[in-house]
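>>> show me the folded form of this:
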Amino acid sequence: MKAIEQYQITINEFIAANKFNKFPQELYEPLDYIMALGGKRMRPVMVLMACDLMNGKMEDAVHAAMAIETFHNFTLIHDDIMDNAPVRRGKTTVHEKWNVNTAILSGDVMLIEAYALLMIYENDLMRSILNIFNKSAIEVCEGQQIDMNFESRVDVSLSEYIHMITLKTAVVLGASLEVGALIAGVSKKQAQHLYEFGKNMGIAFQLRDDYLDLYADPEKFGKQVGGDVIANKKTFMLIKALELAKDNDAIELNKWLQAATFNASEKVEAINNIFDRLAIPQLLNDAVTHYADLAWKEFAQIEASLEKKEMMADFMNGLLAREV
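Below you'll find the model as predicted:
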């Protein structure tokens with residue numbers, strides 16, 4: 001298998017060589033803009049890695065990898081509109097740089113372009129990929145709606161939260177590995193093991209993000225630490241704290257959650273202290289370990305060379321251990 005940087009170079013070179021340079025310019029410029037913002041390219045890298053892991057030709061998987069990356073960036077355009085977010089990866093968001101109507105329409109055409117990238121595959125393989133792609137795309141939308149529903153609820157359970165992040169985040173990671181494996185020509189059973197591996201790792205990654213939002217080094221994190229706390233976002237830590245908090249901790253936690261005006265730094269520090277007293281970080285890390293263990297059990301069923309499996313394992317472990 002190649003080094004992770006080589007997969008990323010392959011993806012970035014494809015993006016640079018296949019710009020959406022079409023008319024009308026106002027429709028397509030936002031596509032090139034958001035695709036050029038970069039990021040880890042984790043999803044398309046996972047497509048290429050899975051194909052490589054299962055002894056397929058990486059070049060055969062590039063169009064599928066780009067379809068998933070294009071779809072992912074389509075969701076970012078629309079998510080930023082829904083969140084009224086001004087910045088994405090340190091740059092102005094599409095709806096702020098242009099306008100909301102342009103962002104919606106550009107996002108729509110981006111989704112269609114993602115499907116167009118899959119048209120190069122022969123009929124049976126294309127149908128298999130499209131079934132996976134469509135299922136995951138619908139699940140991402142379902143997850144986003146459930147997440148929005150959580151904003152007006154105070155009774156969100158941990159099982160509901162895990163279901164939401166599975167749909168919103170984890171299924172696309174599973175689909176990325178499954179698609180790459182199918183392009184390599186493996187059995188559906190082996191591809192399913194890779195899907196489950198990626199899905200459970202995706203849950204673990206998202207839980208890790210919940211932790212980093214509050215406990216990351218601000219200088220490394222690159223954005224405001226405690227953003228989820230400030231917004232009363234239903235995360236593993238807040239849901240678990242609401243479940244466990246008693247007496248003074250429960251009173252203080254609810255006071256901050258109900259406060260219409262507050263000093264952001266004071267709120268983050270106060271809720272951080274409550275989380276620490278309730279050992280919430282340890283409970284979260286236990287949950288990360290649980291889903292990672294489920295993933296590794298699936299990974300053990302994958303029939304590939306030990307050398308290649310070790311490289312993928314190192315990549316996944318590196319993502320779980322990340323500090324930003």
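
>>> going forward, measure contacts between C-alpha atoms and count neighbours the same way
OK.

>>> what pLDDT is listed against Lys233?
Note for Lys233: predicted pLDDT of 93.

>>> again with the one 4 residues further on
Looking at Met237, its pLDDT reads 97.

>>> so what's it up against?
Met237 is in contact with Asp210, Tyr211, Phe275, Ile280, Pro281, Leu284, counting by Cα atoms under 8 Å, 6 or more residues apart in numbering.

>>> and those residues, which is closest to Glu252?
Of all these, Phe275 has the smallest distance to Glu252: 11.6 Å, by Cα to Cα.

>>> neighbours around the closest one, how many?
The number of residues packed near Phe275 is 22, by other Cα atoms under 10 Å.

>>> same thing with the one 3 residues further on?
By other Cα under 10 Å, the residues close to Leu278 number 18.

>>> residue ranges of the strands in this structure, please?
Counting by DSSP state E, the chain has these strands, from start to end: 87-88, 91-92.

>>> worst mean pLDDT among these?
Looking at the strands of the chain, the weakest mean confidence is strand 87-88, a mean of 88.

>>> any low-confidence regions in the chain?
The model of the chain has pLDDT under 70 over residues 218-224, 323-324.

>>> related to what we said a few turns ago, which among the strands of the chain is found nearest to Thr70?
strand 87-88 (15.7 Å).

>>> mind checking how far Pro24 is from Thr92?
Distance of Pro24 to Thr92, given as Cα to Cα, to the nearest Å: 21 Å.

>>> centroid-nearest residue for this structure?
Thr169 (4.3 Å; Cα atoms, centre = their mean).

>>> ok, that residue to Leu27 distance?
Where Leu27 is concerned, Thr169 sits at a distance of 27 Å (Cα to Cα).

>>> same deal with Phe299?
42 Å.

>>> rewinding a little: so for Pro24 and Thr92, which residue has more residues nearby?
More crowded of Pro24 and Thr92, by other Cα under 10 Å: Thr92, with 14 against 8.

>>> what's near enough to touch that one?
Applying Cα under 8 Å, 6+ apart, the residues near Thr92 are Pro86.

>>> could you give the bridge partners of it?
Val87 (DSSP bridges).

>>> and the furthest pair within the contacts of Met237?
That would be Asp210 and Phe275, which, of the contacts of Met237, are the farthest apart (Cα to Cα) at 12.5 Å.

>>> I'd say Ala295 and Glu196 touch.
Yes. Ala295 is within contact range of Glu196, at 6.7 Å (criterion: Cα atoms under 8 Å).

>>> the helices in the stretch 1-150 of the chain, which residues?
Along the stretch 1-150 of the chain, the stretches classed as helices by DSSP state H, counting those that start in this stretch are 4-17, 25-35, 42-53, 58-83, 94-97, 100-117, 123-150.

>>> just want the angle from the last one to helix 58-83.
Following axes from the mean of the first three to the mean of the last three Cα atoms, to 10 degrees, one obtains 20 degrees for the angle between helix 123-150 and helix 58-83.

>>> buried residues, helix 123-150. List them.
With burial defined by 16 or more other Cα atoms under 10 Å, the residues of helix 123-150 counted as buried are 125-126, 129-130, 132-133, 136-137, 139-140, 143-144, 146-147, 150.

>>> ramachandran angles for Thr235?
Per-residue torsions, Thr235: phi -120, psi 170 (degrees, to the nearest 10).

>>> from memory it sits against Leu212, does it?
No. Thr235 lies out of contact with Leu212 (Cα under 8 Å); the separation is 11.8 Å.

>>> ok, those two, which is more surrounded?
Per other Cα under 10 Å, whichever of Thr235 and Leu212 has more neighbours is Thr235, with 22 against 18.

>>> Ala67 reaches Met119, doesn't it?
No. Look at Ala67 against Met119 with Cα under 8 Å: they stay out of range, at 10.1 Å.

>>> can you tell me which of the helices of the stretch 1-150 of the chain is packed in deepest?
When you average the neighbours per residue for each of those (mean count of other Cα atoms under 10 Å), helix 42-53 leads with a mean of 27.

>>> helices along the stretch 151-300 of the chain, start to end?
158-165, 171-183, 188-215, 218-221, 227-230, 236-244, 247-258, 264-277, 280-299.

>>> residues near Leu173, how many?
The burial count for Leu173: 27, using other Cα under 10 Å.

>>> so who does it touch?
Arg43, Met46, Tyr195, Gly198, Lys199, Gly202.

>>> same thing but 6 Å
By Cα atoms under 6 Å, 6 or more residues apart in numbering, Leu173 lies in contact with Gly198, Lys199.

>>> how far away is it from Asn272?
30 Å.

>>> ditto for Ile132
40 Å.

>>> one step back: pipe the contacts of Met237 into a markdown table and attach distance to Tyr33 per row.
A markdown table is the format used below for the contacts of Met237 (distance: Cα to Cα, whole Å):
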| residue | distance to Tyr33 |
| --- | --- |
| Asp210 | 28 |
| Tyr211 | 30 |
| Phe275 | 39 |
| Ile280 | 39 |
| Pro281 | 37 |
| Leu284 | 36 |
